[in-house]
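[1] what follows is a protein structure lacking sequence information:
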C-alpha cells in the first residue's frame, strides 16, 4: 500500500467534497462510512426493534466528511421551542444544509426547565441537519435495522404505533462482556433454514436465529453490552432478544448530571 492509499484509509476529513461527489467515488465513500461504522453501531439507540443514530453519531459522520454543524439561538413559539441549524463545510465555511429542530408542549418537555427545552431543541436541530446531508451514509454502513430518523426525534412508543405486549416473566436483562461469538448453518432436516448464532457470556450460552440480532452479536464480540434474554429449559442457555451497548461510566455520569438533556 502506497502513502496515498494509506492517507485515504486513515484520513477522517474529506476536504474537497464537491469534487468527491461529482466524480461519484463511491469506493472512497464506503471507506469513510466504515470509519464511522463502529462508533455509530456502539451509540445507536434501540427502539421497538430498530436502531436510531443519536446526535453524537450524526456529528461523527459530519466530521468524517469535513463538515461541522452549528445552531442559532433557540426561540420560543406559542406551542414550544424552535431552533435553526446549519451544516458548514470546514474547508471554506460554506453552508451546505439547513434544518430546524422543534420541541412541542405536547411532549414530556413541557414540565422541564427552560434550559432543558433549549438544549433538546438544539440537539434535534443538529441531528436533523446532519441527517439531511448524510442519510445515505447509514445505508453504506450496512448496520442491521439502522434507521435514518435521528434518535432524538423518536419517542419510545414510536409515534404511538408500538404494540403493547405483556412482559414475559422469563425475560430479564443482563449486562456483561460478549466473550465469544460463533455461527453455523442449520441441519438439512431442520424446517427453519435460518442461521444459528451463538455467543458465550458469564451466565452461559446465548443464541438467536434472527439475522438482525445475530449481526448485533457479531458486532459486539468482545464488548460490554446490555442484553435482553429469555430463559429456557436449561439454566445456562438463553435466547437473546435484543443487544444494546452498555452505557459507559462517563455516559452514566453525564446522564446523572444533565437529566433533562436526554430522550426518555
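    All right, it came through fine. These figures come from a predicted structure and were not determined experimentally. Numbers count the residues shown, from 1 in each chain.

[2] for the top helix by length along the chain, packing partners?
    Determined from DSSP state H, the single longest helix within the chain is helix 114-141. With contacts defined as 3 or more CB pairs under 8 Å, 6 or more residues apart in numbering; DSSP states H and E, helix 114-141 has these neighbours: helix 26-43, helix 55-64, strand 67-71, strand 80-89, strand 95-104. In this view, the C-beta of every residue, glycine as well, is placed from N, C-alpha and C.

[3] between those, which one is nearest to residue 239?
    Closest of the helices and strands packed on helix 114-141 to residue 239 is helix 26-43, at 21.9 Å (criterion: CB to CB).

[4] in the sheet, who's paired with residue 76?
    Under the criterion DSSP bridges, residue 76 forms beta bridges with residue 81.

[5] that older thread, next secondary structure after the longest helix of the chain?
    strand 171-177 (DSSP states H and E).

[6] give me the contacts around the helix or strand following that next one.
    Moving toward the C-terminus from strand 171-177, the next helix or strand (DSSP H and E) is strand 180-184. Strand 180-184 has contacts (CB atoms under 8 Å, 6 or more residues apart in numbering) with 195, 196, 197, 198, 199, 200, 214, 217, 218, 220, 221.

[7] who are the packing partners of whichever helix or strand comes after strand 180-184?
    Where DSSP H and E defines the elements, the next helix or strand beyond strand 180-184 is strand 196-201. When contacts are defined as 3+ CB pairs under 8 Å, 6+ apart, strand 196-201 sits against strand 171-177, strand 180-184, strand 204-208, helix 211-219.

[8] relative to residue 231, which of these is closest?
    Among the helices and strands packed on strand 196-201, strand 171-177 sits nearest to residue 231 (CB to CB), with 7.3 Å.

[9] walk me through the domains of the chain.
    Listed domain ranges for the chain are 3-153, 171-245 (source: automatic domain parsing).

[10] and the longest one, how far from the chain's centre?
    Spelled out, that is domain 3-153. Mean-position distance between domain 3-153 and its chain equals 11 Å (CA atoms, centre = their mean, to the nearest Å).

[11] could you do the shortest one as well?
    A distance of 20 Å separates the centroid of the chain from that of domain 171-245, by CA atoms, centre = their mean.

[12] can you lay out the contacts of strand 180-184 as CSV showing distance to residue 45, pLDDT and neighbour count?
    Formatted as CSV, the contacts of strand 180-184 follow (distance: CB to CB, whole Å; pLDDT from 0 to 100; neighbours: other CB atoms under 10 Å):
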residue, distance to residue 45, pLDDT, neighbour count
195, 26, 89, 14
196, 27, 91, 16
197, 22, 92, 22
198, 26, 92, 17
199, 22, 92, 24
200, 26, 90, 15
214, 20, 89, 23
217, 18, 89, 22
218, 19, 89, 15
220, 15, 86, 22
221, 21, 86, 15
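
[13] thanks again, I'm all set now.
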